[in-house]
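> Let's see this in three dimensions:
(one chain, ligands or ions: 2)
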Amino acid sequence: MAASTDETPVLALTDIRRDFRMGRLLVRALRGVTMDVLPGEFLVVMGPSGCGKSTLLTLIGGLDRPTAGSIVTSGDEDITRGDETALAEYRRRWIGFIFQSYNLIPTMTARQNVEFPLVFAGIGRAARRARAEALLKRVGLGDRMTHRPIELSGGQQQRVAIARALANAPAIVLGDEPTGNLDTRSGQEIMDLLLELNRAGTTLIVVTHDARLCTYAHRVVRMEDGVVLGVDAGGRADEPRRSVPIEGDTRDVGVTAAAVRGHSIRRRRSFTTAEA
Ligand SMILES: Nc1ncnc2c1ncn2[C@@H]1O[C@H](COP(=O)(O)OP(=O)(O)O)[C@@H](O)[C@H]1O
Ligand SMILES: [Mg+2]
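Ligands and ions are numbered 1, 2, ... in the order given. You can find the predicted model right below:
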């Protein structure tokens with residue numbers, strides 16, 4: 001089992017293809033994408049609408065499987081080879097997802113939305129609540145715990161979604177056009193929040209067609225028509241990456257509820273350090 005170092009990618013994608021069959025039509029959404037994700041980096045994947053960004057993120061997030069190719073974690077696991085249970089475990093331990101349309105559960109309060117993924121991690125009620133409250137404070141919503149999504153602005157809803165994405169202290173947070181539904185100012189606030197999280201050690205992949213987001217990135221992957229055209233330096237290319245160590249061992253051998261809790265507490269402490 002490879003230990004995670006700065007040189008070991010968190011994820012290595014090799015020759016990823018994804019075909020969609022629509023009746024007699026074959027849509028080749030991804031036509032051989034090879035790229036890696038480095039620990040602690042803010043990676044922006046940029047390309048025009050329809051070039052395959054969402055398809056790529058869905059595969060990285062373990063929500064879908066490629067037609068061909070491999071996605072290998074720093075724990076030496078190829079997520080394209082595992083069964084459904086392994087994939088669900090990968091999603092829970094490794095991935096937090098942020099969507100353009102927030103995708104909050106409308107009948108739940110902000111706190112319940114953030115607590116929800118912790119239920120599946122087997123975390124007790126009191127610990128769930130404490131964790132959700134700490135995360136909502138972290139994203140600036142300490143005074144909106146019991147609001148439902150409809151009672152929140154778009155920017156606030158996206159903050160809740162970010163807190164939810166962080167609930168299980170994932171190795172990587174994925175954002176699919178996370179500012180796409182927001183006005184310029186709220187969009188910038190969300191990007192500033194993501195920047196802050198990245199500086200505190202969260203690895204981020206954000207896909208977008210908005211070139212303005214490149215200023216936030218260490219590296220920018222340029223996509224077009226299902227392929228990677230190239231990788232450029234982003235606006236923060238020279239800023240060191242801060243990577244919270246990925247416990248490849250715990251992630252591989254099965255994380256107990258207690259271990260997840262311990263991990264969460266460590267992460268919260270690192271947030272506090274970054275705030276100071
Ligand atoms: N489930 C699907 N079935 C059929 N075609 C799809 C599906 N998902 C995406 N596509 C097609 O794949 C291509 C890439 O789509 P997508 O990944 O959503 O692009 P982007 O997010 O960059 O706008 C598009 O041509 C789209 O129509
Ligand atoms: Mg898309």
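> counting contacts, what elements does the helix or strand residue 126 falls within pack onto?
Using DSSP states H and E, residue 126 sits within helix 125-138. Using 3 or more C-beta pairs under 8 Å, 6 or more residues apart in numbering; DSSP states H and E as the contact test, the elements touching helix 125-138 are helix 110-120, helix 154-166, helix 257-275. For glycine as for every other residue, the C-beta is placed from the backbone atoms N, C-alpha and C.
> what's in contact with that helix?
Residues from elsewhere that reach helix 125-138, judged by C-beta atoms under 8 Å, 6 or more residues apart in numbering: 110-112, 114-115, 118-119, 123, 142, 144-145, 159-160, 163-164, 166-167, 261, 264, 268, 271.
> Same check on stretch 206-219?
Contacts to stretch 206-219, defined as C-beta under 8 Å, 6+ apart, come from residues 38, 41-49, 53-54, 56-57, 174-180, 191, 194-195, 198, 220, 231-237, 239, 241.
> Within reach of ligand 1, which of those residues are there?
With the criterion set as C-beta under 6 Å from any ligand atom, the members of these near ligand 1 are 47, 49, 53, 54.
> Can you lay out these as TSV showing secondary structure?
As requested, those are arranged in TSV below (DSSP: H, G, I helix; E, B strand; the rest coil):
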residue	secondary structure
47	coil
49	coil
53	helix
54	helix
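> Now that we have these, which of them are buried?
Neighbour counting over those (16 or more other C-beta atoms under 10 Å) leaves 47, 53, 54 as the buried ones.
> OK, contacts around the second one?
So the one you mean is residue 53. Contacts of residue 53 by C-beta under 8 Å, 6+ apart are 45, 47, 176, 177, 207, 208, 209, 223.
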